[in-house]
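Visitor: generate coordinates for the sequence data below:
(one chain, ligands or ions: 2)
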Amino acid sequence: MTTSVRDLVGPDDLAGAHGLVDQHGRVATDLRVSLTDRCNLRCTYCMPPEGLNWLPTSQILTDDEINRLVRIGVEELGINEIRFTGGEPLIRPGLVEIVRTAKSLSPPPEVSLTTNAIGLERLARPLADAGLDRINVSLDTLDKLQFKQLTHRDRIDDVLAGLVAAKAAGLIPVKVNAVLMRGLNEDPVPLLEFCLEHDFELRYIEQMPLDAQHEWKRDQMITAEEILEKLQAAVVLTPDPAHRGSAPAETWLVNGGPAKVGIIASVTRAFCGTCDRTRLTADGQIRNCLFAREESDLRTALRDGSSDDVIADRWRAATWTKLPGHGIDDPTFLQPVRPMSAIGG
Ligand code: SAM
Ligand code: SF4
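Guide: Ligands and ions are numbered 1, 2, ... in the order given. Down below sits the predicted model:
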């Protein structure tokens, strides 16, 4: 007879449990790894134009330290999906080898990347050859001027070249992530038309209170409902019959399919009950949620000679304390201290 996660009563009992389970019965199998908190764009919903105080290099995990934690996650803790992110993961020099090492684990996890695509034109092929399975490119507008206003950099041509290169390298379906902002890029239709034309799968993400400037306002954000209404004025959307599982995006078939569009309604239609994520920051902290206000330090254990078993047990204990939900709608909600770029989105 197998032991139900719900029969466990506390972290001490976790010695008998293999994976990353929490006291609400969820199991984390999807690891998000932030490879750096630095970035070459300054997206308004993420960080201020002048950038941030970056983490000191001495605190950033080395490639070997990342590889070790990824191996422990996969081989000891049941992680079967890994997404590398940041900050901007393409600016980490060791990225291709980190991907290759992750794909060489047994059993090999699904490995994906979330990126702003600057530099992807050069890196798409090496990443695909290293075993990268999938890629999500963030692009919020097709308008050059709007892109510059939104990101404070004139780099849309690099992003578009990166998208083309990703498709040519076989990283398909290429997914495009977009955040809409009031007064800037409010119309979701042009991006959808672009993605339909190029066979990219578009997903809109509701803007979340994770900007370093703490300027997010609930009554200003463009909701999933508003996006849907605007899309439905241009195309016919029908609910996607594919099983959603723990996927954060709710998807629709466009004009009968097979093309799809998705919306990640993290704020207005929270999906915390099916969350299967665990997060590792670039400086070696485990977070249970984007919105967590607590972290568990694995960097010290990595650097003080702790065994894999000790590190795995710390990771299990951290997961056990995962809260049932992010509580954005709770009057006591407080934005996390770390901004999105330092957590890894
Ligand atoms: N730099 C890479 C990129 O932009 O794809 C990876 C890191 S970025 C933090 C990951 C994703 O988070 C991007 O798709 C970005 O649009 C999204 N993001 C950043 N800040 C956000 C916010 N406040 N609300 C919603 N999504 C956000
Ligand atoms: Fe950089 Fe990504 Fe944040 Fe934009 S969303 S500033 S690309 S980390």
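
Visitor: which intervals of the protein have sub-threshold pLDDT?
Guide: Low-confidence segments of the chain (pLDDT under 70): 1-17.

Visitor: flag every residue of it that's near ligand 1.
Guide: 39, 45-46, 85-86, 88, 114-116, 138, 177, 179, 205, 207-208, 210-211, 340-341, 345 (C-beta under 6 Å from any ligand atom). For every residue, glycine as well, the C-beta is placed using N, CA and C.

Visitor: which stretches of the stretch 151-300 of the chain form strands?
Guide: With strands called from DSSP state E, counting those that start in this stretch, the stretch 151-300 of the chain shows them at 175-179, 201-205, 237-239, 250-254, 260-264, 277-280, 285-287, 296-297.

Visitor: say whether ligand 2 is contacted by stretch 152-160.
Guide: No: figure legend: stretch 152-160 not in contact with ligand 2 (C-beta under 6 Å from any ligand atom); closest approach 8.8 Å.

Visitor: contact partners for His326?
Guide: Ser266, Ala270, Cys272, Cys289, Leu290, Phe291, Phe333 (C-beta atoms under 8 Å, 6 or more residues apart in numbering).

Visitor: can you do 10 Å?
Guide: 208-209, 266-267, 270-272, 275, 289-292, 333, 336 (C-beta atoms under 10 Å, 6 or more residues apart in numbering).

Visitor: grab the nearest non-local neighbour of it.
Guide: Excluding the flanking residues, the one nearest His326 by C-beta to C-beta, 6 or more residues apart in numbering is Phe291, at 4.1 Å.

Visitor: mind checking how far the closest residue in space to Pro209 that isn't next to it in sequence is from Met208?
Guide: Nearest non-adjacent residue to Pro209, counting by C-beta to C-beta, 6+ apart: Trp216, 4.0 Å away. Distance of Trp216 to Met208, computed by C-beta to C-beta, to the nearest Å: 7 Å.

Visitor: buried set for stretch 121-136?
Guide: 121, 123-125, 127-128, 130-136 (16 or more other C-beta atoms under 10 Å).

Visitor: quick one, helices of the chain?
Guide: When secondary structure is read from DSSP state H, the chain shows helices at 63-77, 95-103, 120-129, 144-151, 156-168, 189-198, 224-232, 299-303, 308-320, 340-343.

Visitor: can you tell me which of these is most buried?
Guide: A comparison of the helices of the chain by mean neighbour count, using mean count of other C-beta atoms under 10 Å, puts helix 340-343 on top with a mean of 26.

Visitor: touching ligand 2 at all, that helix?
Guide: Yes: contact of helix 340-343 with ligand 2 (C-beta under 6 Å from any ligand atom) involves Ser341.

Visitor: for ligand 1, what's its nearest residue on the stretch 1-150 of the chain.
Guide: Ser138 (3.4 Å; C-beta to the nearest ligand atom).

Visitor: quick check: the gap between the residue sitting nearest the centre point of the chain and Pro339.
Guide: Centroid check for the chain by C-alpha atoms, centre = their mean gives Gly345 as the closest residue, at 3.6 Å. The gap separating Gly345 from Pro339 is 10 Å, by C-beta to C-beta.

Visitor: what is in contact with the two at once?
Guide: Cys46, Leu210.

Visitor: tell me if I'm right that Met221 and Met181 touch.
Guide: Yes: Met221 lies in contact with Met181 (C-beta atoms under 10 Å); the separation is 8.5 Å.
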